[in-house]
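A.B. asks: Sequence plus the predicted model coming up.
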Amino acid sequence: MSLNAKDKDAVKAFWAKVSGKAGDIGSDALSRMLTVYPQTKTYFAHWKDMSAGSDPVVKHGKAVMGGVAEAINKIDDLNAGLLNLSELHAFTLRVDPANFKILSHNILVVMAILFPKDFTPEVHVAMDKFLGALSRALAEKYR
Amino acid sequence: MVVWTDFERSTIQDIFSKMDYEVVGPAALTRCLIVYPWTQRYFGNFGNLYNAAAIMGNPMVAKHGTTILHGLDRGVKNMDDLKTTYAELSVLHSEKLHVDPDNFKLLSDCLTIVVAAQLGKAFTAEVQAAFQKFLAVVVSSLGRQFNYRAVRLHKVGVSLKTLNV
């Protein structure tokens, strides 16, 4: 299920529309993940505050979307482009890759909420494929 | 037995009472067929599903989307006994339609996204949690018949493991 030229164009076009709100998307997606999938909170036990809009959530939401933006720039070779992030997640963070799917789902939900007219089924499939490819690249160094 | 909080109950009732099944149903099913194209395998006799535009304009898809939402409506009206409510539909989906139960989750994800787009900011994290919990229980009830063999054996004190199957 690799990205074809049409997918890449759709992802870049949609990103051009939404990247201005990247921080908000990240922080909302993260909040939703922590609320709807409470098992994900285990990775953030060191945060004083996990509530929506709190400093750590906002800051981390921006960081995550920074990673997404980087992936879009390196969309033609995600494995090479996300090498450092993959090593970080594999050796330091050790986040179970099943959680990448969970966060991806919540990113899509937030995109649907913030951009209901632009998040058409065609854009949805391209973004879903992209986030899947991103997740695979992120898991590349795990074993 | 699933335990529903008052918030979850009222949230589910509220969402579905305000929903236009004839808009949301078709939107969710078309999205599923486009985003997860392998789900088209179950709709061989629906005619033209060749591209997104064809799927979105297909009247059989639209009609079926509405049917699915009415099926969900049964669950909304019987939240305290979803197992029994969906027993018959579970048999239908496994024995007659031969649907891979993984597909139920794919459709639920699309439905969640359609409802999120409709409700906008009102679809808060807590509302999302309640909605996804409801769909998860429906999906689980719909999937019960697929494991019926295991369930039936368990009732007579036998497990598949000891039988080595």
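C.D. replies: Received, thanks. Numbering: from 1, shown residues only, chains lettered A, B, ... in the order given.
A.B. asks: Got the phi and psi for A:Leu93?
C.D. replies: Dihedral angles phi and psi of A:Leu93 (degrees, to the nearest 10) take the values phi -80, psi -40.
A.B. asks: How about the one 4 residues further on?
C.D. replies: Main-chain dihedrals, A:Pro97, degrees, to the nearest 10: phi -60, psi -20.
A.B. asks: helix, strand or coil for A:Ser51?
C.D. replies: coil (DSSP: H, G, I helix; E, B strand; the rest coil).
A.B. asks: what are the phi and psi values for it?
C.D. replies: Note on A:Ser51: backbone dihedrals following degrees, to the nearest 10 are phi -80, psi 160.
A.B. asks: which residue ranges form the strands in chain A?
C.D. replies: Counting by DSSP state E, chain A forms no strands at all.
A.B. asks: ok, the residue of it lying at maximal distance from its centre to A:Asp55 distance?
C.D. replies: Going by C-alpha atoms, centre = their mean, the residue of chain A most distant from its centre is A:Lys48, 23.0 Å out. Distance, A:Lys48 to A:Asp55, using C-beta to C-beta, to the nearest Å: 9 Å. Just so you know, the C-beta spots here come from the backbone N, C-alpha and C atoms, and that holds for glycine as well.
A.B. asks: For chain B, which residues are neighbours of chain A?
C.D. replies: Within chain B, the positions lying close to chain A (C-beta under 8 Å from any C-beta of the partner chain) are B:30-31, B:34-35, B:52, B:56, B:109, B:112-114, B:116-121, B:123, B:125-126, B:128-129, B:132.
A.B. asks: try it again with 10 Å
C.D. replies: B:27, B:30-37, B:51-53, B:55-56, B:109-110, B:112-133 (C-beta under 10 Å from any C-beta of the partner chain).
A.B. asks: Just the buried ones from these?
C.D. replies: Buried subset of these (neighbour count, 16 or more other C-beta atoms under 10 Å in any protein chain shown): B:27, B:30-36, B:52, B:55-56, B:109-110, B:112-119, B:123-125, B:127-133.
A.B. asks: Now, those that are in strands?
C.D. replies: Restricting those to those inside strands, with DSSP E as the criterion, leaves an empty set.
A.B. asks: would you list every one of the helices in chain B?
C.D. replies: Counting by DSSP state H, residue ranges of the helices within chain B are B:6-17, B:21-35, B:52-57, B:59-77, B:82-85, B:87-91, B:102-119, B:125-142, B:148-155, B:160-163.
A.B. asks: whoops, I mixed them up, chain A
C.D. replies: According to DSSP H, the helices that chain A contains are A:5-18, A:22-36, A:55-73, A:78-81, A:83-87, A:98-114, A:121-138.
A.B. asks: is it possible to export those to CSV including distance to B:Pro101?
C.D. replies: As requested, those are arranged in CSV below (distance: least, C-beta to C-beta, whole Å):
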stretch, distance to B:Pro101
helix A:5-18, 28
helix A:22-36, 21
helix A:55-73, 31
helix A:78-81, 31
helix A:83-87, 32
helix A:98-114, 18
helix A:121-138, 20
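A.B. asks: Buried deepest among the ones you listed, which one?
C.D. replies: Mean neighbour count, computed with mean count of other C-beta atoms under 10 Å in any protein chain shown, is highest for helix A:22-36 among the helices of chain A, reaching a mean of 22.
A.B. asks: Specify the angle between it and helix B:125-142 in degrees.
C.D. replies: In terms of direction (axes from the mean of the first three to the mean of the last three C-alpha atoms, to 10 degrees), helix A:22-36 departs from helix B:125-142 by 50 degrees.
A.B. asks: if you look at helix A:22-36, does any of it touch chain B?
C.D. replies: Yes: residues of helix A:22-36 are located near chain B by C-beta under 10 Å from any C-beta, namely A:28-36.
A.B. asks: what sits against the closest residue to B:Ala136 other than its chain neighbours?
C.D. replies: Computed as C-beta to C-beta, 6 or more residues apart in numbering or on different chains, the closest residue to B:Ala136 that is not its neighbour in sequence is B:Ser108, at 7.4 Å. Counting by C-beta atoms under 10 Å, 6 or more residues apart in numbering or on different chains, B:Ser108 touches B:28, B:32, B:72, B:131-132, B:134-136, B:138-139.
A.B. asks: All good on my end, thank you.
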